[in-house]
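[1] Pasting the sequence and the predicted model now:
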Amino acid sequence: MDDFTKFIYVGDPLCSWCYGISEELEKLRSGYKNYPFEIVVGGLRTHETRPMDVQLKKFLYEHWEQVTELSGQPFNYAILNADREFVYDTEKPCRAVVAFRHLKPESTLSFFKSVQHAFYRNNQDTNKVETYFPLLKQFEVNEESFTELFFREEIRKETTDDFLWARQVGANSFPTMLIQHNRTLWAIAIGYSTFDRMDMIVKRILNGEAPVRA
């Protein structure tokens, strides 16, 4: 294995296409389990303070239908009902992922997926730290340790640094799947993709061939 080869996933737990691609990424991780697999949170819609309005709910409803049609992933649409108020701020779930990766880095992708399920399937409020407690139990992570990290200023800054790094490398669409090989960063998926497509691109890169467009 090349010491300079690793996968970097740039995504946001509340990005619906990141939810759509989640099973394809699991296949990628399983297919290349001897390579490091890191997660950088992208910051899709950060520091929002106002509840979703009718226009945003309509946009999301149609968007989620498209994700299901392409990926097969199920959604719970109850949170988009007219009488439900939810502040669609993705900074907090991103920060939860950053806090978690300090406690159990090898399970970060699995925790990322559990946050997606909590929101998209169970419509839980990802703005509340208590929402993450049942998820932590699956990974035997201490609630108090997580909570302390979640509210720590250094974790807020690290989360923002993730957002900035994503922008610096041009990962402005989520999901973006990257591979770093021989000190070069290649995109193997920009937006939704399949394992077969990503696998084909990765094989070309590892074989020293010119990669095709992600």
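    Arrived safely.

[2] who are the neighbours of the helix of greatest length in the chain, in terms of helices and strands?
    Ranked by residue count under DSSP state H, the longest helix found in the chain is helix 54-71. Using 3 or more Cβ pairs under 8 Å, 6 or more residues apart in numbering; DSSP states H and E as the contact test, the elements touching helix 54-71 are helix 16-31. Placement of C-beta: from N, CA and C, glycine included.

[3] Can you list the neighbours in contact with whichever helix or strand comes after the helix it packs on?
    Downstream of helix 16-31, the next assigned helix or strand under DSSP states H and E is strand 37-41. Where contact means Cβ atoms under 8 Å, 6 or more residues apart in numbering, the residues beyond strand 37-41 that reach it are 6-13, 29, 94-95, 97-98, 101, 108-109, 112, 159, 162-163, 165-166, 171.

[4] rewinding a little: report the angle between whichever helix or strand comes after the longest helix of the chain and strand 37-41.
    Sequence-wise, the next helix or strand downstream of helix 54-71 (DSSP H and E) is helix 91-103. Compare the direction of helix 91-103 with that of strand 37-41 by axes from the mean of the first three to the mean of the last three Cα atoms, to 10 degrees and you get 150 degrees.

[5] who's in contact with helix 91-103?
    Contacts of helix 91-103 (Cβ under 8 Å, 6+ apart): 12-14, 39, 41-43, 46-47, 107-108, 111-112, 115, 119, 126-127, 129, 132, 136, 139, 141-142, 145-146, 149-150, 152, 155-156, 158-159, 162-163.

[6] Repeat that for stretch 154-163.
    For stretch 154-163, the external contacting residues (Cβ under 8 Å, 6+ apart) are 40-43, 46, 91, 94-95, 98-99, 102, 149.

[7] likewise stretch 167-186?
    2, 4-12, 15, 17-18, 21, 25, 28, 40, 42, 44, 166, 187-193, 198, 201-202, 205-206, 211, 214.

[8] run the last query once more with 7 Å
    2, 4-12, 15, 17-18, 21, 42, 44, 187-191, 198, 202, 205-206, 211 (Cβ atoms under 7 Å, 6 or more residues apart in numbering).

[9] Buried ones among those?
    5-12, 15, 17-18, 21, 42, 44, 187-190, 198, 202, 205-206, 211 (16 or more other Cβ atoms under 10 Å).

[10] separation between residue 214 and residue 106?
    Residue 214 is 26 Å from residue 106, where distance means Cβ to Cβ, to the nearest Å.

[11] I misspoke; the intended subject was residue 43.
    Residue 43 is 23 Å from residue 106, by Cβ to Cβ.

[12] neighbour-wise, which of those two wins?
    Each of residue 43 and residue 106 has its neighbours counted (other Cβ atoms under 10 Å); residue 43 has more, 22 against 10.

[13] Out of the contacts of stretch 154-163, which is nearest to residue 62?
    residue 42 (21.9 Å; Cβ to Cβ).

[14] tell me the contacts of the closest one?
    Going by Cβ under 7 Å, 6+ apart, residue 42 touches 10-12, 163, 166, 171, 174.

[15] one more time with 8 Å
    Counting by Cβ under 8 Å, 6+ apart, residue 42 has contacts 10-12, 15, 94, 162-163, 166, 171, 174, 176.
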